[in-house]
Structures are given as structure tokens and as C-alpha cells.
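J.: structure for the following, please:
(chains A and B, ligands or ions: 2)
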Amino acid sequence: MGDKVIEVKDLVKEYKQLRAVDGISFDVYEKEIFGLLGPNGSGKSTTINSVLSLLKYSSGSIKLFGREMTPDAYDLKRDTGVIFQDVAVFSELTVYENIDYFCGLYITGKKERKKCVEDAMELVGIGDFRKFYPKQLSGGLLRRLNIACGIAHKPKLIFLDEPTVAVDPQSRNNILEGIMKLRDNGATVVYTTHYMEEVEQICDRIVIMDKGKIIASGTCDELKKLAGTEEKITVGLKNTDKDPTDGIRKLLHVTDVFKEDSIITVSYDGGTHNIARLIDHLREQGVSYSTINSQRPTLNDVFLELTGKELRD
Amino acid sequence: MFLHNYKYSLRLMLGNRQLVFWTLAFPLIMALLFNMAFSNIEKSEKLDPIPIAVVDDSSFRSNMIYSETLKTLGEGDDRVFDISYTDEEKAKTMLSAGEITGYVRFAGGEPKITVMSDGIKETVMCCVFDEIGNESKLITNSGMEEIARQLQSGNKDIDYKAVFTAEAEKVMGTDTGLKDTSPGNMSFVMIEYYSLIAMACMYSGLLSMTLMNYNLANVSPVGKRCTVSPARRGSRLLGSLSASFTVQFFGLLILYLLLLFVVRADFGTKLPQIILLSLLGSLAGLTLGVAVAVLVRINENAKLTVLISAVMAGCFFSGMMGITMKNIIDKNVPVLNRINPVAMITDGLYSLYYYESGERFIIDAVSLAVFSAVMLLISFTGLRRQQYDSL
Ligand SMILES: Nc1ncnc2c1ncn2[C@@H]1O[C@H](COP(=O)(O)OP(=O)(O)O)[C@@H](O)[C@H]1O
Ligand SMILES: [Mg+2]
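T.: Ligands and ions are numbered 1, 2, ... in the order given. Sure, this is the predicted structure:
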């Protein structure tokens, strides 16, 4: 791992009634995509806004690039780019002008800025719409513009707060690819979302938040170990004359078998070739099946295991 | 950075149709409407003499300046007033019967004006009495000085009446005095145009407030973006302010061109001062807008309401909706005029119209500058190390 780019220690943020962030600590390292995963209201945006010194937090310490972050830390701000949860663009300005305006808050040189704006448009694939006004853009394109406005100045550290909410699949893939490209070009990325698939897809390290607290952290694989199962195989039976569950339970690595109507779900705590072994067993028993598939646990299973509820409601 | 901000601020203002309408087009439309309304009045007749009553008691008769002036104003074809000299009871009945616009009673040397409503005639009546009052102070002061001079030089046998008459003639004769207050010159229409100019100045606050809101993290999403950028708050504030001042400047320019060449309003000989005053007035409006944006921590619409209410209150207390209010404030809470930018603008414009000496104009201009400086100062202070409890 590289140098620490963000160090958050014991951060607490209280609104009038509510402890939105409840003593969290985490570090983000250079050139990684750091995922902040949690359901709505778990305190992700509050954390980001506190780290950025927009919010007055109750206690704790925040360092960016090894230095304390304050509202006046202009040189730290210069190296940072932020994409907020709400789309923040001017409806009076075109796509190009919007990016140029926000980029100009960081970069004064005209030539340099022009290049930056072009690069940003290319990264999110919005070049064809440069003369469009925001209200002429689809939801996905608007989100892409929103991202371009935040990263045009080529920051070393990028915060993205739920950048893919209400976005079509094509734009979503475009956005996720863009974020990985930014990382590959040397940026450090903090990415918050409540979509676990996205986190699994792009994040190098992940922190799972719930009710203002960090309930788990690590790489995707590390987290999945917490789910209690390593593999889940579901079998759709053709007919339910025979009940093969007792036999399956005796197979290697099986921790649990669950049957509901014609569907059997088998949980494993490890092992390889589990699916082949199960198929052999079913053939031996003369049980015919219509479907069979294997699933690795998802972060949703992890969340379920840790909190007893689903990540998405 | 400053130029970048400035350029885009202009774009943002001119791209906002609502803003353009209220700050640029609306005053022009009002000017044209006034013009239509007033040109009808002026065409149909020279302003009719205004019927008033004067309570004819010893207090009035002993007030030489007023009784003489009113006598003049009530005589001839181009008289301003039709004056009935009567007692207070009678005057009251005449007023409630609608026979007169208002009546005047003298107490302690000061005229007390009673009117029923706030119309143009009432406004003119109050204005004229205001002017007689100002004039009377001038005459009294210089008369006193003259008497003191004569006393000092050992003259014990002074003809007081002669002294005051001489002074009165001097005051009336020189340029320091009133303009002719006959209906032809006594332009209440100008009062309306002055109010319009004052209003146009103050509504410039909408421009600066809109721009400032774009800079504030608790008001707009783009404000969050600006706040996490390394652009200094002070420089963003000044960029917004100068861009809105530019737009306001051109707005005023168009308004003045319209007033001068289409409406053909008569600004007298002091156009440069009048323009200077309206630029200072605009600065006051713009800085007020910034201060409301920065200091009032509520949502955008609520801020708009606060700003518009503040301007409306300023207009009300400066007598824009009826001159009686101005008189009440002048007599009872004059300090309000010293903090009310609308009063500073209208008062400055009136004084340019009526007086040759520029003392009141200078006081008003300086007051506007001080007001703007104070607004800017508190805005800067409010912006320092700004962090929010909640977004
Ligand atoms: N300005 C605010 N005032 C009071 N409570 C707030 C405010 N903003 C957020 N909250 C509360 O704080 C909690 C965390 O919110 P947030 O950080 O926005 O969550 P997330 O971004 O993970 O969806 C939520 O319960 C939310 O209702
Ligand atoms: Mg959020």
C-alpha cells in the first residue's frame, strides 16, 4: 500500500437530535478506490462533507495528505475534486461552460484549462453534447457532466458521493470505467454508494457503514469471508417425489441445506468442485433437476450476516 | 481567477430570465407606465389648485413666513392652493366631507398637516409645506445672524420686520432658495421618477444575492462545489459584486436614457450628481443583497423574501407609498433615515432638485457609501472560516 492520503480518527458528527456519524476511523491509501458502502441514511454523505470541512463536526481529527483539513486549507483543496450527491451544475451554462467554470476555480491558465476540459469530456464521453444545456441532457448524461465538472482539474484525490443514482446501465458502466481510469492514472478515489455490485466491481478496499458506525472493512474477498458461507448452490428440482436433503447434508463442506417447494439451497464453508460433487450425488440418487447454479456470497450476505437486515430495502 | 469569475457571473445573470426581468426590464416598464399615466394628467390641465384649509388662529398669524408664503401660493391663476382660512372644527368637517385635501394647524411654529388618504395631491401638499419649512429655517437663521451682527455693532433700534423681509427676499432671490413652486415647475411627477430610480437601485440586490447564493454551500449544490475549491471566498465575493455592478450600471444607463429621451423627464442641471447618487445607491443595494445572502442562513426563496421585504420596508419608510410616512419618520425617528438606504437615495435626489447648495446631497452620498462599506464588512466577516452545522 502507498502513502496515507486520508486519515480519519474517531470522527463524530451530531445533528441536533441525531448522531449521524458515530466515532468512525479509517485510512485511505494512495492510488486506491476506497468504497464507502451503506444503506441510505447510514452517514456516508455526512462523513464526506465532514472530511471536506464543509460541515462542522463534533469531534475527531481529519488529515488529508498528512495535514489537518480546515476550511482555509486552500492547497489541500487544490488537489481535491468532489462530486456531490446532488447534481451541481448551472442551468444557464452549456456543458462546456459548466466544466470550464468549475475547472477555472482551480486552473487559471487558459490553454491548460482548455486541455483539461476536453480531457474531462472525453473521459465521461460527453463531447458530442458540449453545446447542450443541462436541461437538454438525459439523467445519465447529466450525471456524467456532474462528474466531469468535479474532476476536470485532474485532482490527486477524488470524492464521489453516489454518482450513479438514477442512471441508466450504459451511463453507469461508462461512469464506473471512468473512475477506474482515473485510479489507473494515479488518482486516489473515495466512492460512496448503496449499490453493492458497484463496490464489488471497482473498489480495492471497502468500509461498510450502518447507522453512523463502521461495521466491517477490508478488501472484497476479506469481507466475503464474514458472510459465513463461501458458496451457495441452488438446485431447482423437476419433481418433489424424493427429498434428497438428508443425503446432501452429509456431503463435504456443506454447512446448511434449505428446501422450499422445489428449490434447494446448499451452503458451503469452503472446498472446491462442490458443484460437481453435488451433481454426482443427485445422479446417484436418481434425482432429476431442471436448474442448478452456484453463487459466491455477495456483500449483501455480509451485511445481512452483520446487521440482520438487507442492504437495500 | 477574478476575470474568470467575473465573466461567468455576467453569463449567469444575463442567462437568468427572471432576474433580467425584475432588475432590468421592470424599471423600464414602470417608467413607461408612469409616463403614460402622467402625460395624461399633464395634458388635460395644468394641475388644479389643491383645496386646503388653514386653521386661522393666533399661532398661524404670528408665523409671518408661513402666512406670507401661503398668501402668495393661494393667489393668481397659477396658484398652488385654494386656501380656506377657518377654525379647526370646521376644517375637520370639510376634510371628512371631502371638500379639501387636508388642513394645516400651527403649533409651536411648526405646521401640523392632517390628510385623509395618500394620493398625489396629498403628496404635493406635504412637499410644499416641507419646502416652506426648509425655506423658513433658512430665513430665520440668516435673519438671526443679521440681527446678531447689528446688535454687536451697537445698533439697539432694530426693525425686525425689515430685517426678515430683507432676508426673505435674499433667500428667495438667490439660487440657494426654492425653485418656483408654481404647478408648472413643482413636479410631483419627478418625485415618482425618483422613487423609481431608488427602487431600481435597491433591486440590484437581487443580482448580487443570486450570484452569492451560487457561492454558498448551504444554499445551492454549486455553492458546495465552489466552497470546496481553492478559490478564495473574498475574491469570489468581489467577483460577484463587480459583475452585478456592471449589469446594474448598464441597467441604470438604459433607464436614464429612457427617462431622458423617451419620457423626457426634467432632471434639472445636475444630471452627473444624480447619476453618481444612483450608482452609490446601487452599490448600497448590491451590498445589501450580498449581506442578506451571506448572513441570513435560510433557503434561497426565504432569502429572496427577506431582501424584497427589506427593500419594500425601506421604500415605505422613505415615503414612497405616501408622503405622510416620510413626514412621520422625519419628525419622530429621524435616525431611521440615516440607516435606510432608500431614504438616502430619494432624499439626495430631492435635495438635488430643490437646492443649489449640495450639502444634503453630500451627506446622503456619504451615507450610502458608509452603508455599503458596513454591509461589505459584515459580509466578509460572515464568510470567514465558514463551516456549517448542517447542510
Ligand atoms: N442537515 C441534517 N439535519 C439533520 N439530520 C440530517 C441532516 N443531514 C442528514 N441527516 C441525517 O443524518 C443521517 C445520515 O445522513 P447521510 O449522511 O445523508 O446518509 P447517507 O449519505 O449515507 O445516505 C440520516 O439519518 C439523515 O437523516
Ligand atoms: Mg448520501
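
J.: and the pLDDT for the closest residue to residue A:204 other than its chain neighbours?
T.: Using C-beta to C-beta, 6 or more residues apart in numbering or on different chains and skipping the chain neighbours, the partner closest in space to residue A:204 is residue A:32 (4.2 Å). Just so you know, the C-beta spots here come from the backbone N, C-alpha and C atoms, and that holds for glycine as well. Note for residue A:32: predicted pLDDT of 95.

J.: contacting residues for residue A:32?
T.: A:1, A:2, A:183, A:188, A:189, A:204, A:205 (C-beta atoms under 8 Å, 6 or more residues apart in numbering or on different chains).

J.: quickly find the element holding the nearest residue to residue A:70 once chain neighbours are set aside.
T.: Nearest residue to residue A:70 in three dimensions, chain neighbours excluded: residue A:53, at 5.8 Å (C-beta to C-beta, 6+ apart). Here residue A:53 is covered by no helix or strand, with elements defined by DSSP states H and E.

J.: residue A:53 reaches residue A:71, doesn't it?
T.: Yes. Between residue A:53 and residue A:71 there is a contact at 4.9 Å, judged by C-beta atoms under 8 Å.

J.: out of the two, which sits in the more crowded spot?
T.: residue A:53 (23 against 20; other C-beta atoms under 10 Å in any protein chain shown).

J.: now do the shared contacts for residue A:53 and residue A:71.
T.: residue B:387.

J.: if we can go back for a sec, OK, contacts around the residue nearest to residue A:70?
T.: Counted by C-beta under 8 Å, 6+ apart, residue A:53 has contacts A:62, A:69, A:70, A:71, A:73, B:387.

J.: phi, psi of the first one?
T.: Backbone dihedrals for residue A:62, given as degrees, to the nearest 10, come out at phi -130, psi 120.

J.: so what's it up against?
T.: The contact partners of residue A:62, by C-beta under 8 Å, 6+ apart, come to A:6, A:7, A:8, A:9, A:11, A:50, A:51, A:53, A:68, A:69.

J.: could you find the closest non-adjacent residue to it?
T.: Per C-beta to C-beta, 6+ apart, closest to residue A:62 is residue A:69, 4.8 Å.

J.: what do you get for residue A:231?
T.: Closest to residue A:231 by C-beta to C-beta, 6+ apart is residue A:268, at 4.3 Å.

J.: for ligand 1, what is the nearest residue in the stretch 251-391 of chain B?
T.: residue B:390 (3.5 Å; C-beta to the nearest ligand atom).

J.: tell me how far the closest residue to that residue other than its chain neighbours lies from residue B:298.
T.: Among residues not flanking residue B:390 along the chain, residue A:15 sits closest, at 5.9 Å (C-beta to C-beta, 6+ apart). According to C-beta to C-beta, to the nearest Å, residue A:15 stands 17 Å off from residue B:298.

J.: what parts of the stretch 201-350 of chain B come near chain A?
T.: B:214, B:217, B:220-222, B:224-232 (C-beta under 8 Å from any C-beta of the partner chain).

J.: same thing but 7 Å
T.: Within the stretch 201-350 of chain B, the positions adjacent to chain A are B:217, B:221, B:222, B:224, B:225, B:226, B:227, B:228, B:229, B:230, B:231 by C-beta under 7 Å from any C-beta of the partner chain.

J.: for the second one, what are its contacts?
T.: With contacts defined as C-beta atoms under 7 Å, 6 or more residues apart in numbering or on different chains, residue B:221 is in contact with A:84, A:86, A:87, A:88.

J.: which parts of the longest helix along chain B are buried?
T.: For chain B, the helix with the greatest residue count under DSSP state H is helix B:120-152. Residues B:120-136, B:138-139, B:142-143, B:146-147 are the ones in helix B:120-152 that count as buried (16 or more other C-beta atoms under 10 Å in any protein chain shown).

J.: pLDDT on it, on average?
T.: Mean predicted confidence for helix B:120-152 is 77.

J.: so what does that helix touch, helix or strand wise?
T.: Using 3 or more C-beta pairs under 7 Å, 6 or more residues apart in numbering or on different chains; DSSP states H and E, the elements in contact with helix B:120-152 are strand B:50-55, helix B:64-73, strand B:102-107, strand B:110-115, helix B:160-173, helix B:188-202, helix B:323-332.

J.: got a markdown table for the ones you listed, with distance to residue B:249 too?
T.: Formatted as a markdown table, the helices and strands packed on helix B:120-152 follow (distance: least, C-beta to C-beta, whole Å):
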| stretch | distance to residue B:249 |
| --- | --- |
| strand B:50-55 | 39 |
| helix B:64-73 | 41 |
| strand B:102-107 | 41 |
| strand B:110-115 | 39 |
| helix B:160-173 | 38 |
| helix B:188-202 | 11 |
| helix B:323-332 | 28 |
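
J.: ok, which of these comes nearest residue A:128?
T.: Closest to residue A:128 of the helices and strands packed on helix B:120-152 is helix B:188-202 (C-beta to C-beta; 43.1 Å).

J.: would you put the C-alpha positions of the closest one in CSV?
T.: The C-alpha trace of helix B:188-202 is given here as CSV (Å, rounded to 0.1, in the frame of the first residue of the first chain):
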residue,chain,number,x,y,z
PHE,B,188,-44.6,65.8,-8.4
VAL,B,189,-44.0,63.6,-11.4
MET,B,190,-40.3,63.9,-10.7
ILE,B,191,-41.0,62.5,-7.2
GLU,B,192,-42.4,59.4,-8.7
TYR,B,193,-39.4,59.0,-11.1
TYR,B,194,-37.0,59.5,-8.1
SER,B,195,-38.8,56.7,-6.3
LEU,B,196,-38.5,54.6,-9.4
ILE,B,197,-34.8,55.2,-9.6
ALA,B,198,-34.3,54.5,-5.9
MET,B,199,-36.3,51.2,-6.4
ALA,B,200,-34.2,50.3,-9.4
CYS,B,201,-31.0,50.9,-7.3
MET,B,202,-32.2,48.7,-4.4
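
J.: buried set for it?
T.: Those buried within helix B:188-202 under the rule 16+ other C-beta under 10 Å are B:188-202.
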